[in-house]
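Peer 1: Attaching a predicted model along with its sequence, questions to come.
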Amino acid sequence: MNIITNFLDKNKYSRPGTKRNKTTKIAWHYVGNPGSSAKANRNYFNNAPNHKTSASSHYIIGLEGEIIYCVPEDEIAYTTNSANSYSIGIEMCHPDSSGKFNSLTYNAAVELGVDLAKRYKLNPLTDFIRHYDVTKKRCPKYWVDNKSVWEKFKQDVNNKLKLGNTQGLSTTTFKNGDYTGKKAKVTANVLNVRFDRGTQYEVIGKLNKGDTVKLNYCLNGWVSIEGYKGNKGLGYISTDYLELI
């Protein structure tokens, strides 16, 4: 996944800083502004004090499959009304007024959905909701107008989640933060070491099942390790295939 962390400035309209203590649902939305980018929508949220509109989300998925992480998961975002306290909200960009998502946006949503379902131990078939399911607002429009497509999305995430669980995905949940001094064991048969955080970066090494690594800092599902010449003189591996020891 190509996740860009760019948090909103704290303000009472879009990022009040109020902490959440549980996540039992993932709430899906569409931006309702055809052709707009993830960056533009993030900036709209950040400018909320100027237009005095209470709106935001934890993530925004763009037309190129990019994902902007703009409100920390443990804080409330003003996205799903009465479900704000127990849900993570995701806005998705769309090219036209039908609200249908292109393949890049859709595939990124599946990847993000798998990641969130795994980390919060959720069932995509029952724990993914639309804005519509909370307020009856026609959002995400295409998934309200075409319920079968919504059901397929949940099934696509569920299928990928189950497939991952048979291919060495660990049961350890890694949170963003410093893991210096801690070690983990590789659970995949082969785990790529990347130049930076994300599958779009060059593979600069490989680890085998059972290998032990010393951890540094974890961010958005990727942890840095020493002994490689990637960005900042480190290597980066997915936490999906690591068990803390």
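Peer 2: That came through fine.
Peer 1: I figured A48 hits K10, correct?
Peer 2: No: with contacts counted by CB atoms under 8 Å, A48 stays clear of K10, the gap being 11.1 Å. Every residue, glycine included, has its C-beta placed from N, CA and C.
Peer 1: can you give me how far stretch 13-25 is from the chain middle?
Peer 2: 15 Å (CA atoms, centre = their mean, to the nearest Å).
Peer 1: now the end-to-end length of that stretch.
Peer 2: Stretch 13-25 has its terminal residues 22 Å apart, counting by CA to CA, to the nearest Å.
Peer 1: what residues does the helix or strand hosting G89 touch?
Peer 2: Using DSSP states H and E, G89 sits within strand 87-92. With contact meaning CB atoms under 8 Å, 6 or more residues apart in numbering, strand 87-92 is reached by 23-31, 41, 56-61, 73, 77, 79-80, 101, 105, 109, 112, 116, 120, 129, 140.
Peer 1: Give me the buried subset of those.
Peer 2: The neighbour-count test (16 or more other CB atoms under 10 Å) marks 23, 25-31, 41, 56-61, 73, 77, 79-80, 101, 105, 109, 112, 116, 120, 129, 140 as buried among those.
Peer 1: Out of those residues, which sit inside strands?
Peer 2: Counted as lying in strands by DSSP state E, out of these, are 25-30, 59-61, 129.
Peer 1: dump the residue contacts of the residue nearest to P16 when sequence neighbours are not counted.
Peer 2: Excluding its sequence neighbours, the residue lying closest to P16 (CB to CB, 6 or more residues apart in numbering) is I76, at 6.5 Å. Going by CB under 8 Å, 6+ apart, I76 touches 16, 18-20, 84-85.
Peer 1: ok so, going back, can you pick out the residue with more neighbours from A48 and K10?
Peer 2: Between A48 and K10, counted using other CB atoms under 10 Å, the more crowded position is A48 (20 against 11).
Peer 1: Tell me the pLDDT of the more buried one.
Peer 2: A48 is assigned 96 on the pLDDT scale.
Peer 1: ok, now I3?
Peer 2: The predicted local confidence for I3 is 87.
Peer 1: mind giving me CSV with the contacts of I76 and columns for distance to G35?
Peer 2: Formatted as CSV, these follow (distance: CB to CB, whole Å):
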residue, distance to G35
P16, 30
T18, 32
K19, 35
R20, 32
N84, 27
S85, 32
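Peer 1: Serialize the residues you listed to JSON lines and add fields for pLDDT.
Peer 2: Converted to JSON lines, the contacts of I76 look like this (pLDDT from 0 to 100):
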{"residue": "P16", "pLDDT": "97"}
{"residue": "T18", "pLDDT": "97"}
{"residue": "K19", "pLDDT": "96"}
{"residue": "R20", "pLDDT": "95"}
{"residue": "N84", "pLDDT": "97"}
{"residue": "S85", "pLDDT": "97"}
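Peer 1: If anything else comes up later, I'll come back, but that's it for now.
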